[in-house]
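> Turn this into a model:
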Amino acid sequence: MADSNSKLARPIIEAAVRLFKKNGFANVSVNDICAEAGIARSTFYRVFSGKKEIISTVLEDARSIHNATVGDLLDAENDFERMWALCDRNLAIALDFGPELTGALFSMELSEPIGIVDILHGMDPWLIKLTRNAQKAGIILNPEAPEVLAPLVTDLMYQVTYDWCRCKGGFSLRQKARNWAEVAFYVAPEYRWGMEKAIQ
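Presented below is the predicted three-dimensional model:
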């Protein structure tokens with residue numbers, strides 16, 4: 001496993017992600033990454049075993065992003081908005097990567113699990129508590145048990161992101177994900193988004 005804190009790892013990761021976004025994961029070679037980062041192949045292989053390890057490191061970094069959600073959670077108006085702040089962190093990563101690279105991650109997850117689903121469902125304990133609170137407050141009107149409802153919505157977020165990749169980013173990921181969440185949770189009308197918030 002790479003030391004993502006090493007001085008060499010960060011420039012290699014940044015170069016690789018730039019190329020993955022531009023050309024697609026499958027169309028980028030280790031030689032391409034080395035040229036973009038200005039390093040020799042031997043240097044690359046001192047830090048990473050291959051392209052997949054770069055992706056694994058990026059996903060580990062994504063896990064740590066959840067620790068940066070505290071400010072958003074504290075600023076949210078209610079527990080449904082706190083749930084949305086958690087979900088939106090994952091959507092922000094997909095939007096940053098773009099549909100091409102995010103789609104490559106989905107392909108990798110299908111052939112050899114790399115932890116995407118684990119990252120998403122790692123939030124379930126928080127989402128379950130927030131769902132329960134939002135039900136009690138009359139924001140979420142779906143009476144289903146929070147232990148069932150929250151993981152279901154996590155899976156819906158995964159599905160809408162997959163669909164966004166399949167459509168090559170042809171719709172607002174945030175707006176569609178929010179709409180699906182509002183329908184699945186049966187959010188009270190006064191807490192739903194209007195079209196003016198459909199900004200990527």
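
> domain parsing for the chain?
Per automatic domain parsing, the domain ranges recorded for the chain read 1-49, 54-197.

> May I see the ones you listed organised as TSV, with mean neighbour count and mean pLDDT added?
Every residue, glycine included, has its C-beta placed from N, CA and C. Formatted as TSV, the domains of the chain follow (neighbours: other C-beta atoms under 10 Å; pLDDT from 0 to 100):
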stretch	mean neighbour count	mean pLDDT
domain 1-49	16	86
domain 54-197	17	86
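
> May I have the phi/psi pair for Val187?
phi -70, psi 140 (degrees, to the nearest 10).

> need the contact list for it.
Applying C-beta atoms under 8 Å, 6 or more residues apart in numbering to Val187 gives the contacts 80, 139-141, 181.

> so which strand or helix has the residue lying closest to Trp180 once chain neighbours are set aside?
With C-beta to C-beta, 6 or more residues apart in numbering as the criterion, Trp180 has its nearest non-adjacent residue at 5.0 Å, and that residue is Leu156. Using DSSP states H and E, the element containing Leu156 is helix 146-166.

> Verify the contact between the residue nearest to Trp180 and Ala181 for me.
Yes. With contacts counted by C-beta atoms under 8 Å, Leu156 reaches Ala181, the gap being 6.8 Å.

> circling back to that earlier point, what is the helix holding Leu156 packed up against?
Applying 3 or more C-beta pairs under 8 Å, 6 or more residues apart in numbering; DSSP states H and E, we find helix 146-166 packed against helix 79-111, helix 116-121, helix 124-136, helix 173-185.

> Pull up the gap between the spatially most central residue of the chain and Asn179, please.
Of all residues in the chain, the one closest to the mean position by C-alpha atoms, centre = their mean is Asn90, 2.7 Å from it. Using C-beta to C-beta, to the nearest Å, Asn90 is found at 16 Å from Asn179.

> Could you do Ser111 as well?
Going from Ser111 to Asn179 by C-beta to C-beta gives 31 Å.
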